[in-house]
Every structure is written in C-alpha cells, then in structure tokens.
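Novice: sequence first, then the predicted structure, then my questions.
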Amino acid sequence: MSLPVSTARPFFGWHVVAATFVLATFGWGVGFYGPPVFLYAVVERTGWPVAMVSAAVTVHFLLGAGVVANLPRLYRRFGVPTVTVTGAAVLAAGIAGWGLADQPWQLFAAAMASGAGWVAMGAAAVNALIAPWFNLRRPAALGMAYNGASLGGVIFSPLWIALIAGIGFVPAALAIGGVMVAVVLALSALVLRHTPGSTGQTPDGADAAPPQPGPAQGVSPRRSFLRDARFLSLAAGMTLGLFAQIGLLAHLFSMLVPVLGEGLTGLAMGGATLAAILGRSLVGWVMPVSADRRLVACASYGVQVIGSLLFILAAEDAGPWLFLGIALFGLGIGNATSLPPLIAQQEFAPAETARVVPLIVAIGQAGYAFAPAAFGLLRGGAGATGPAPLFLCAAAIQLAAIGCMLAGRRRRLRGEG
C-alpha cells in the first residue's frame, strides 16, 4: 500500500521576499549608503567644496525621483526583470563615474546615471515586487525585504571605506558593480520574473485571501489625490522625515571621521543600520494588523528626534551619548521607508494603493534629494558653532513630519477626504 504524496507546492512568495532582500541589500548598499562615502572620497581626492559635491548627491536622488514615478509604466512596457537588470547596470556605470570624475560636469553626469539606476532596486521597486504576493502578511513580508536595505548599510558602509582605501575608488566601483549586476541578473531570471498567476498561487499562499481591513475595494484608480488630505499628509510626512534623515546621513560619515577615525566611523554607520534592522523587524512582526500605522510612524520619528538631540549633547566627543544617538537615530532609518507604503495599504483601496505608493516615494525622493545640498550649505555656514545646527535642523524637520502624520490621522478619523 502506497502512502499519499502531497502535491502542494511551497508558497513562492517567500522566495520573492528572499530575492528582494538581496536586491535591496545591493540597491541601498550602493545607491543609498554609498553616496555619503562617495562624498567624502571625492572631496578628499579632488579638494572640491563640500557644498558642490553635496549638490551632486542631490542630483543623484533627484533624478531618481522621476524614474520612480514611472516605474509602474516601465514594468508594464519592458517587464520587471529587464527594468531591474538595466537599473543595476546603469547604477554600476554611475558609481564608476564617481571615481573617474576629474571635472565637476563629469561628477554630475555620473550622479545622474547612479540616481537613475538605483531606484530600480529601491523602495518603490521592493514594494512593487512584494505587493502582488502578500496582503494580510504584507507588513512582515515588506519588513523582511526592506531589512536587506539595512543590511546593505551594515555591509557596504565599511566595505566601501576599506576597498577605496585599499585598491582605489575606480577598482572598488568596478568590483562591486560587477558582482551586483551578476547577482541581479540571476535573481531576475530565476525569481523576479514570476508572478502569482504564472505559478498558480494566490496572495499569502491562501486558497482565497481574506479581505484586508481598510477602505472599500471598488474605488476608481483614476481619481486625483491632490485634494485628498490622507494622501497629502502622508506624502508630506514621508518627505519631511526622509529629508531630515538623508540630509543628516549624507554628512554624518564625514562629520564623524575627525572624532572616530575612518575605520570606527564605518563600523558606527554599520551599527546604525543594524539598529534600523531591529526597528523595522519589531514593527513588521509586532505591529497588529489593526494598529494605526500613522501613530507607529510618529513614534519612530520621535525616537529619531531624541537621537538627533543626543548628537548635540555628545559635543563632538566619542562618548556614550554619541553612540546612543547613533543607535536611536538608526532605529528609525528603516521605518521611514517601509511604514508609508503600509499606511497607504491601510488607508486606500488596493487599486489606489498601486498608484499611491510610487507617487509618495517619488514625491519623497524629489523632496529629500535637496537635503544633502541644503545640509551642506548649513554645514558650510555653521562656522565656529560646529555641527549643532545640522542636528537641530534634523530634529525640527522630524517634528514637522510627526505633525503631518497626526494631521492626516485627524482628518481620516473625521471621515474627510
């Protein structure tokens, strides 16, 4: 007598999460955590003003915002694998350009390439890859995938420093870029080309996925969101939170080097991203499905406000206040990216969410793109006052982000659009 053999296949969505985790590790490690190190390396090599190189970082993020807004259209026209591999290749070429540039225009051209490429491996791309596979378990799935972004900081912040110091910027860029393109090509061919339809599976691996608590399902995806208080407050809160975060991160490395040295600074930046993994994991696995995600975002911004103020208390001394500030600031780094798409999922119908997420990511990136240059100008004008104005500015902007999230929550609770 033969035993029955199960024909049930494992849920492929978790393979997509694993692949997207690796994709995010390279995307953020090269395209997000790389520019602060590139800024320092370019200034050291060329002697160009910090404000000018900061402007190149701004171009890197600003150009990417335009690509983000068009990612859904690019996916429909060319397919996810083609867009993702092309993005990785363009990013690899761009970072090589950062190392080769010996004229300012060459630096800005390289920044345009790196900015256009990395967003195909950024926040909107991760959400677009995960969303078709998960509904109820999307917070946990996104949290796991976005943790690849934080791991990218843990790995690549010290790796960039060690490789640039050991073999030079251009060889380092070619080595990392080549490995990145090869890995992304394999992931796209083996995993990312699949959809729930092509595998005969449904979201969350269920026979029939339960309805997600939230708004009605039949709202038209064609309406404008420019008069929707939920959308505007969410986009503004995300933009302000990321503006403070990116502005400070872009300069934190070069500000910590005189205090900690290059090696310890790289480890400290890696420690901040380890804290980001912890913060995002706690939210992804502990936050109840019915939780008000705007309040969770406010709490995350509040922790970063405390971290920003502790930097001032540290007074440029390598003591416990400095490392506590790095840890607290780091706890919110991941949530600033992962929570807004989850808020959109809770507050908008699925058809609208597919439009809202790329829009808020594009608006957020267009806004925070100016943060490195703005903070660079503030840093250059700080004079004898030191870096305290940067930290105060970051804390104030984070408080404004909390205000936006709370304002949108009040309008939502009153039932107003």
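Specialist: Done, it's in.
Novice: lowest average confidence across helices and strands of this structure, where is it?
Specialist: Least confident helix or strand, the chain: helix 371-380 with a mean of 79, by mean pLDDT, DSSP states H and E.
Novice: next one: that helix to chain centre, how far?
Specialist: Distance, stretch centre to chain centre, for helix 371-380: 20 Å (Cα atoms, centre = their mean, to the nearest Å).
Novice: could you point out the helix or strand that follows it?
Specialist: helix 388-413 (DSSP states H and E).
Novice: got the angle for that following helix vs helix 371-380?
Specialist: Angle, helix 388-413 to helix 371-380, by axes from the mean of the first three to the mean of the last three Cα atoms, to 10 degrees: 140 degrees.
Novice: for helix 388-413, what is the average pLDDT?
Specialist: On average, the pLDDT along helix 388-413 is 86.
Novice: how far off centre is that helix?
Specialist: 19 Å.
Novice: and what of stretch 171-179?
Specialist: The answer for stretch 171-179 is 22 Å, by Cα atoms, centre = their mean.
Novice: if we can go back for a sec, in the least confident helix or strand of the chain, what counts as buried?
Specialist: Residues of helix 371-380 classed as buried by neighbour count (16 or more other Cβ atoms under 10 Å): 371-376, 378-379. For glycine as for every other residue, the C-beta is placed from the backbone atoms N, C-alpha and C.
Novice: residue contacts, residue 159?
Specialist: Residues near residue 159 by Cβ atoms under 8 Å, 6 or more residues apart in numbering: 29, 176.
Novice: from residue 172, how far off is it?
Specialist: 8 Å (Cβ to Cβ, to the nearest Å).
Novice: which residue packs closest to residue 35, ignoring adjacent ones?
Specialist: In space, and not counting its chain neighbours, residue 35 is closest to residue 57: 4.7 Å by Cβ to Cβ, 6 or more residues apart in numbering.
Novice: next, count neighbours for that neighbour.
Specialist: Neighbours of residue 57 under the rule other Cβ atoms under 10 Å: 29.
Novice: wait, it sits on residue 373?
Specialist: Yes - the pair residue 57 and residue 373 passes the contact test of Cβ atoms under 8 Å, sitting 7.3 Å apart.
Novice: where in the stretch 51-200 of the chain is pLDDT low?
Specialist: For the stretch 51-200 of the chain, no stretch has pLDDT under 70.
Novice: three-state assignment of residue 288?
Specialist: The three-state assignment at residue 288 reads coil, by DSSP: H, G, I helix; E, B strand; the rest coil.
Novice: which residues touch the residue nearest to residue 35?
Specialist: Shown in contact with residue 57 (Cβ under 8 Å, 6+ apart): 35-36, 38-39, 111, 250, 372-373.
Novice: keeping just the C-alphas, turn whichever strand or helix holds it into CSV.
Specialist: Assessed by DSSP H and E, residue 57 sits inside helix 50-69. C-alpha atoms of helix 50-69 as CSV (Å, rounded to 0.1, in the frame of the first residue of the first chain):
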residue,chain,number,x,y,z
VAL,A,50,31.7,70.1,0.2
ALA,A,51,28.7,72.1,-1.0
MET,A,52,29.4,71.3,-4.6
VAL,A,53,29.8,67.6,-4.1
SER,A,54,26.7,67.6,-1.9
ALA,A,55,24.9,69.1,-4.9
ALA,A,56,25.9,66.0,-6.9
VAL,A,57,24.4,63.8,-4.2
THR,A,58,21.2,65.9,-4.6
VAL,A,59,21.2,65.3,-8.4
HIS,A,60,21.7,61.5,-7.7
PHE,A,61,18.5,61.4,-5.6
LEU,A,62,16.5,64.0,-7.6
LEU,A,63,16.9,62.3,-11.0
GLY,A,64,15.9,59.0,-9.4
ALA,A,65,12.6,60.6,-8.3
GLY,A,66,11.5,61.0,-11.9
VAL,A,67,12.3,57.3,-12.6
VAL,A,68,10.4,56.2,-9.5
ALA,A,69,7.2,57.9,-10.6
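Novice: gap between residue 406 and residue 290?
Specialist: To residue 290, residue 406 is 19 Å away according to Cβ to Cβ.
Novice: which one of these two has more residues nearby?
Specialist: The neighbour comparison of residue 406 against residue 290 (other Cβ under 10 Å) goes to residue 406, with 16 against 9.
Novice: the nearest residue to that one once chain neighbours are set aside: neighbouring residues, count only.
Specialist: Spatial nearest neighbour of residue 406, excluding adjacent residues (Cβ to Cβ, 6+ apart): residue 298 at 6.3 Å. Residues near residue 298, counting by other Cβ under 10 Å, number 21.
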